[in-house]
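Q: here are the coordinates; sequence isn't available:
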């Protein structure tokens, strides 16, 4: 069988893995194939073998330059059969590859998706008659995928142009919705879909609710085997964790994208060679790194999605030996990922600011384009976008790249480039007249090795080759090229690790920048949903591997891995969990409008600073730590037992009631809109679209300013029926106001509404004036417009306000300033009211 012969020749294996041969034969039968195979399952073999069997060449679209190079190098060790064309190659190198394809030397051409935009290049490939088109990382074509790339949307158009119908797609991570989108975007009809190999029989998955991550990692390492890979959510955490482990005696190093390429390479190599036992890294580590014997893999924080989690745990046990997987999480992890999500989706104003800042930094006027790369140095952030975090900056950059306004400059990353600033005639004259023989030799050899290309474009040069030919040290050649650069003879670009960009089109006025913000909003919502699924995985009570298999659509009925913490009953679950859950579910019913998560947790544990200490549930879980209660709340949110939205937790019943209220108000607003439509002789939808009216019902604005801030609501709409909307909302809210107040505050609220004085309320309820003042402080949060001037003598209020205007905020200091003429309760009430007025 020829497939097995090629498997042995190029890859050294005697047998195929499960599913591989089935996929290969479907491709050879000219089927459109979509194969979803996880990292480490031998995905690339499934398209490499069909290509190697053919007489003609096949194309592989891949977005990963490093992985592209690794696969080409690996195949060419046996026999030169593969090549790549991407942005690292100049014109002459690209031509060389195309000539080798023409001579039937190359069977596999790896192609960057950015090359598909070039019609001349596509025409050239068409004339060479490719056999198959393979799309690696196919999830990049779907906006529902975790790494959407707009350039992938050109693939189908490219395939049609070169008349190539034998197309197959491959990915390691594709949920059912992504799968459907890939098929739709590639216009596959009746494709063969393979979902294989997501079960990893050699991985023991454990999830630990860890308060102290570093100590938990140390505990795991004391009983686990190395090599060990530890993933953290941020660069700062990688450094802190590695430092802690080194101080505890482990051989550990940290790795993240902020390190230079040389340092990253050294760390990778040391880990692969076994010189470093433990690497603590961000998710920048792992792609294309062939370390097959990772015995322990730890996530110190919740990853952003099941896709990322599965891809990362797939880097352990690639030698098929047993490996232990640990996910450590606590209540802060979700907040970190939510912050990272917010940082990944900048506003339109922020994106425009980045665009203008880069253009201004490169001194590019409107209508012009950059003639060289704009290298972003440290001073850029200080001068142009001070205050914007770098995550948001790079997210804005990606959006501008994907929208066709910028492109990343790949030159200067690792190579040296030279371009002559003189024409051929003038350069020859210069060489003839130059007095320095050393410089003359260098220029002559530079011309000999690079030819006419250095007059046309920035040409990549090999310093080592020049060094060998001229018998000079590389450092001396660099100095000479620097000197020629200073003289204005050549432009000499050295490797730079600073990011650099070029304009894809001439600079335009920012008011003409067109960005798809509906797509950005959709992507952000999807990221939030993926994070919610990851939280569900952390809190699930079913087999961990089954949860993953179900997520990716490889449904195996009654499946249990038998090795995870759930299957082996290792999940840490105390007898008190049921009690905590019961009390959370009971107490949440008290707050129909919801309560902030932090206030709710403080109520349950009996925090001394809580304003809710008169609530019957105050301190009901006082014997448990804040950490335990917080995680129990998260578990109930993940299992949809309680609701968390708009920063508040509430019961599912309250959420349903809130939805009913929104619908009721929405219908009232529709009636008002219909009346406005009759008045102005316009259709209701013209007066105000349904979606804007619904947003208004949800937001319940109370002022002109807040109404105009509702998404989509504008001055034109306000002029037609804005006053009526505000009046309707005010009336709607007043009908429901009394139900806002928690039960323990209702008696105090009634007495305040009936204009009783502070001491009278205290006497009537048999509570101290301090407790009454705290209750009034809480009531004011519900009703900031509540009149309270009658509670305290007017002169006292004026005195307190006068001291507050000096900036004093401490109760004790204010009382001392007023020589004890007012008490703490009176100060607290006046302060609470003043805070709401500013």
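A: Arrived safely, thanks for sending. In this text, all values refer to a predicted model and were calculated from it rather than measured experimentally.
Q: quick one, domains of this protein?
A: Taking automatic domain parsing as the domain assignment, the record places the domains of the chain at 2-195, 203-329+540-552, 344-412+500-524, 421-486, 577-636, 655-738, 741-837.
Q: ok, of these, where does mean pLDDT dip lowest?
A: Among these, domain 577-636 has the lowest mean pLDDT, at a mean of 79.
Q: does the closest residue to residue 313 other than its chain neighbours sit in a helix, a strand or a coil?
A: Nearest non-adjacent residue to residue 313, counting by Cβ to Cβ, 6 or more residues apart in numbering: residue 325, 5.0 Å away. All C-beta atoms are positioned from the backbone trio N, CA, C, and that covers glycine. Three-state call for residue 325 (DSSP: H, G, I helix; E, B strand; the rest coil): strand.
Q: any idea how far residue 325 lies from residue 794?
A: Summarising the geometry, the distance separating residue 325 from residue 794, computed by Cβ to Cβ, to the nearest Å, is 68 Å.
Q: Neighbour count: the two, which is higher?
A: Neighbours per residue (other Cβ atoms under 10 Å) separate residue 325 from residue 794, with residue 325 holding more: 24 against 9.
Q: ok so, going back, the residue nearest to residue 313 bridge partners, please.
A: Taking DSSP bridges, one finds residue 205, residue 297 as the beta-bridge partners of residue 325.
Q: Test my guess that it contacts residue 204.
A: Yes. Distance between residue 325 and residue 204: 6.4 Å, which falls inside the contact criterion (Cβ atoms under 8 Å).
Q: For residue 587, give me its contacts.
A: Contact partners of residue 587, counting by Cβ atoms under 8 Å, 6 or more residues apart in numbering, are 600, 603, 604, 615, 617, 620.
Q: Quick check: of these, which has the highest neighbour count?
A: The most crowded member of the contacts of residue 587, judged by other Cβ under 10 Å, is residue 604 (27 neighbours).
Q: Three-state assignment for residue 650, please.
A: Reduced to three states by three-state DSSP, residue 650 is strand.
Q: quick one: residue 597 and residue 343, what's the gap?
A: Counting by Cβ to Cβ, the gap between residue 597 and residue 343 amounts to 21 Å.
Q: same thing with residue 815?
A: Separation of residue 815 from residue 343 (Cβ to Cβ) stands at 44 Å.
Q: circling back: of the contacts of residue 587, closest to residue 722?
A: The shortest distance between residue 722 and any of those, using Cβ to Cβ, involves residue 600 and amounts to 36.0 Å.
Q: Confirm for me that residue 124 is in contact with residue 98.
A: Yes. Judged on Cβ under 8 Å, residue 124 makes contact with residue 98 at a distance of 6.3 Å.
Q: on that earlier part again, for the domains of the chain, give me TSV that also has distance to residue 564.
A: Converted to TSV, the domains of the chain look like this (distance: least, Cβ to Cβ, whole Å):
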stretch	distance to residue 564
domain 2-195	17
domain 203-329+540-552	4
domain 344-412+500-524	31
domain 421-486	50
domain 577-636	18
domain 655-738	32
domain 741-837	42
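Q: so which of those domains gets nearest residue 649?
A: Taking Cβ to Cβ as the criterion, residue 649 comes closest to domain 577-636 out of the domains of the chain, the separation being 5.4 Å.
Q: now that closest one, how far from the centre of its chain.
A: Its chain's C-alpha centre and that of domain 577-636 lie 31 Å apart, by Cα atoms, centre = their mean, to the nearest Å.
Q: Stretch 472-479 now?
A: Relative to the mean C-alpha coordinate of its chain, stretch 472-479 is positioned 43 Å out (Cα atoms, centre = their mean).
Q: Other residues contacting that stretch?
A: Stretch 472-479 is contacted from outside by 416, 438, 442, 463, 464, 466, 467, 470, 494, using Cβ under 8 Å, 6+ apart.
Q: Just the ones of the residues you listed in strands?
A: When DSSP state E defines the strands, the subset of the contacts of stretch 472-479 inside them is residue 416.
Q: now, which of the contacts of stretch 472-479 sits nearest residue 72?
A: Distance ranking of those against residue 72, using Cβ to Cβ, places residue 464 first at 21.1 Å.
Q: Measure how buried the closest one is and give me the count.
A: When neighbours are defined as other Cβ under 10 Å, residue 464 has 10 of them.
Q: which non-adjacent residue is nearest it?
A: Spatially, and ignoring its direct neighbours in sequence, residue 464 is nearest to residue 474 (6.4 Å; Cβ to Cβ, 6+ apart).
Q: Give me the neighbour count for that neighbour.
A: Neighbours of residue 474 under the rule other Cβ under 10 Å: 13.
Q: Begin at 48 from now on, thanks
A: In the new count, where the first residue is 48, that last one comes out as residue 521.
Q: which among the contacts of stretch 519-526 gets closest to residue 819?
A: Relative to residue 819, and with distances defined as Cβ to Cβ, the nearest of the contacts of stretch 519-526 is residue 541, at 72.7 Å.
Q: Quick check: next helix or strand after the helix or strand encompassing residue 147?
A: Assigned by DSSP states H and E, residue 147 belongs to helix 138-149. Remark: after helix 138-149, the chain's next helix or strand is strand 155-158, criterion DSSP H and E.
Q: For that following strand, which strands pair with it and how are they oriented?
A: In the sheet, strand 155-158 lines up against strand 105-108 (parallel), strand 129-132 (parallel) (DSSP bridges).
Q: closest one to residue 195 among these?
A: strand 105-108 (14.9 Å).
Q: Residue 219 versus the residue nearest to residue 360, what's the distance?
A: For residue 372, the distance to residue 219 under the criterion Cβ to Cβ works out to 17 Å.
Q: Noted, bye for now.
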